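Engineer: missing the sequence, but the structure's below:
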């Protein structure tokens, strides 16, 4: 059955292109797919990376991510299934599990580990890297665990949207928007996990200047007249007159992420886990890490 919403959008965005992620491994050998790769950082500013991981084979994830440093950006880890323990050099510790989110601001520096607390079963989720503006790259490190019951949801017939960050909905036709668990002033991130029944549709308002993409991880959907199959990222065109995006599920239920944010339009200098604005700042980060001054 098709669920039709009264459209509040005047000019929905179209798909600029589809991107297939690249299989890789990270940490101590965790197998994953890098969906947002280094070559897309300028195009999808302020987002630096999106990794998708998911396996029923413990050998693919059991070694986890032992102690490693970060500086200059934020990490957002969303766990669909499984249990992962976080510990860091600022004294934070938390258990990330089914449906929960870990939001960490590395700022001027932190060393942390993310290790599985399971020896079998499925582990699945995503890690997004969100850049910090130059003025905030050296702020103190910060951390928040957001359990699944603290993530607000936007609902309509056939549609449930988990609102991790930003505001869900269009505020049109009498519709109520829902505020997410997190808000950020400078990058204004939107992070939605959309669950659509077969044939259902969902509309989301987007500022025309924000970069945005959809990643499908169950089923398939359409953005406008463009089909987006499973495990594909649809980069949305930044049309000056556009006011949002409309997605439509096919003949099977769909789960997909919609992520958008305000570009910083600042230089990006990256060396592994350090993301700054210049090579000199990168050299300083490496020196600070080697000298034990980071985290």
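Structural biologist: Yes, it's here. Just so we're clear, the structure is a prediction, and the values are computed from it rather than from any experiment. Residues are numbered from 1 along each chain as shown.

Engineer: going forward, measure contacts between C-alpha atoms and count neighbours the same way
Structural biologist: OK.

Engineer: which stretches of the stretch 51-200 of the chain form strands?
Structural biologist: All strands of the stretch 51-200 of the chain, identified by DSSP state E, counting those that start in this stretch, fall at 65-70, 73-81, 83-88, 93-97, 101-105, 110-116, 123-131, 142-146, 153-156, 159-165, 167-168, 178-179, 190-196.

Engineer: would TSV of those strands with mean neighbour count be doable?
Structural biologist: Putting the strands of the stretch 51-200 of the chain into TSV (neighbours: other C-alpha atoms under 10 Å) gives the following:
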stretch	mean neighbour count
strand 65-70	18
strand 73-81	22
strand 83-88	19
strand 93-97	21
strand 101-105	22
strand 110-116	21
strand 123-131	22
strand 142-146	17
strand 153-156	17
strand 159-165	23
strand 167-168	25
strand 178-179	19
strand 190-196	24
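
Engineer: check contacts around residue 120.
Structural biologist: By C-alpha atoms under 8 Å, 6 or more residues apart in numbering, the contact set of residue 120 is 56-58.

Engineer: cutoff 6 Å now
Structural biologist: residue 58 (C-alpha atoms under 6 Å, 6 or more residues apart in numbering).

Engineer: thinking again about what came up before, turn the strands of the stretch 51-200 of the chain into TSV, columns for distance to residue 211.
Structural biologist: Formatted as TSV, the strands of the stretch 51-200 of the chain follow (distance: least, C-alpha to C-alpha, whole Å):
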stretch	distance to residue 211
strand 65-70	24
strand 73-81	17
strand 83-88	30
strand 93-97	28
strand 101-105	20
strand 110-116	28
strand 123-131	12
strand 142-146	25
strand 153-156	22
strand 159-165	15
strand 167-168	15
strand 178-179	20
strand 190-196	10
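
Engineer: With the flanking residues excluded, which residue is spatially nearest to residue 46?
Structural biologist: residue 263 (4.9 Å; C-alpha to C-alpha, 6 or more residues apart in numbering).

Engineer: what's the pLDDT at that neighbour?
Structural biologist: What the model reports as pLDDT for residue 263 is 98.

Engineer: what is residue 212 paired to in the beta sheet?
Structural biologist: Applying DSSP bridges to residue 212 gives these bridge partners: residue 260.

Engineer: Hmm, residue 260 and it touching each other?
Structural biologist: Yes - in this structure residue 212 lies within contact range of residue 260 using C-alpha atoms under 6 Å: 4.0 Å.

Engineer: Now the most centrally placed residue in the chain: closest residue in space that isn't a chain neighbour?
Structural biologist: Taking C-alpha atoms, centre = their mean, the centroid of the chain lies closest to residue 128, which sits 3.9 Å from it. Distance criterion C-alpha to C-alpha, 6+ apart; nearest residue to residue 128, sequence neighbours excluded, is residue 50 at 4.5 Å.

Engineer: do residue 30 as well
Structural biologist: residue 61 (4.6 Å).
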